[in-house]
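S.K.: Next come a sequence and a model predicted from it.
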Amino acid sequence: MKAIIFAGPSLPPAFRPDDPALEWRPPVKQGEVYEAAALSRPAIIGIIDGYFEVTPTVWHKEILWAMARGIHVYGAASIGALRAAELHTFGMKGIGRIFEAYRDSILTDDDEVAVLHGPEELGYPALTEAMVNIRATLDKAVSEGVIDGRAAAGLTELGKSLFYKRRSWDVVLRLAAGRYLSSLDFAAQLHAGCIDQKRADAAEMIATIRTHLVAGVPSFAVSYRFHDTGYHKAATRRM
């Protein structure tokens, strides 16, 4: 039994466990879950990262089709968390705080998990900061008394106002200087340990999948009837 995992900047190669039961693939594009399910027939498919904007995003219908073929599908951290929140009632398994926030409508915008990053050859280095990581870091700073709630709310608003391709701690702190921060305590705390919620959720999903594989993976039974519509047939022909 094996699992196919689509991952990129949320869980770069340096942070992935060396497990022959896990087959790692780049961030998912539309059609690649369908291809993995049809050609490789893994017991589990895990979705962490995926491309958008420059290429069509992974399709809900292909995830439903994979599950209807008996494959367990997990999602966390990035596009995986989004799709799991949208499809958890159909049986897709969401893992982590980001998934829970989308599922419970605490978060709704897809820009919360979007980042600009470098290529696979360089290990997917993140060039911007995910909004979900900014929120997690600010929550920790408030809980530890580094900043107060007002400052955290202001920093959150500044971060959210930025286009995801410009969103970084350097920009947020520059905009906040003199407005929400009266000292360098928070900047020092950032360098001491930002929270990477996306990576934490991705790692949690991988640990859950590995446990599932060890315990044995019976074929997944869906509670819905998959409708092979004309649009779906046309899409799969294109894929």
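M.R.: Arrived safely, thanks for sending. The model shown is predicted, which means the values in this text are computed figures rather than measured ones. Numbers count the residues shown, from 1 in each chain.

S.K.: Can you name the residues in contact with the longest helix along the chain?
M.R.: Using DSSP state H, we find that the single longest helix of the chain is helix 197-215. With contacts defined as C-beta atoms under 8 Å, 6 or more residues apart in numbering, helix 197-215 is touched by 1-3, 5, 7, 10-11, 15-17, 19, 21-22, 43-44, 46, 48, 72, 74-78, 80-81, 93, 95-99, 113, 130, 132-133, 135-136. Every residue, glycine included, has its C-beta placed from N, CA and C.

S.K.: how about the helices in the protein?
M.R.: Under DSSP H, the chain gives helices at 32-35, 60-68, 79-87, 97-103, 131-143, 149-161, 169-176, 185-193, 197-215, 230-238.

S.K.: Val58 reaches Pro27, doesn't it?
M.R.: No: if you go by C-beta atoms under 8 Å, Val58 and Pro27 don't touch, sitting 9.2 Å apart.

S.K.: what is in contact with those two at once?
M.R.: Gly50, Ile79.

S.K.: PyMOL command for the buried members of the contacts of helix 197-215?
M.R.: A single PyMOL command selects the buried members of those (16 or more other C-beta atoms under 10 Å):
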select buried, resi 2+3+5+7+10+11+22+43+44+46+48+72+74+75+76+77+78+80+81+93+95+96+97+98+99+113+130+132+133+135+136
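
S.K.: taking the contacts of helix 197-215 one by one, which sit in strands?
M.R.: Ala3, Ile5, Leu22, Ile44, Gly46, His72, Tyr74, Gly75, Ala76, Lys93, Ile95 (DSSP state E).

S.K.: any chance of those in CSV, with pLDDT and distance to Asp104 too?
M.R.: What follows is the ones in strands among the contacts of helix 197-215, written out as CSV (pLDDT from 0 to 100; distance: C-beta to C-beta, whole Å):
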residue, pLDDT, distance to Asp104
Ala3, 98, 27
Ile5, 98, 25
Leu22, 98, 29
Ile44, 98, 25
Gly46, 98, 22
His72, 98, 23
Tyr74, 98, 18
Gly75, 98, 15
Ala76, 98, 15
Lys93, 98, 16
Ile95, 98, 14
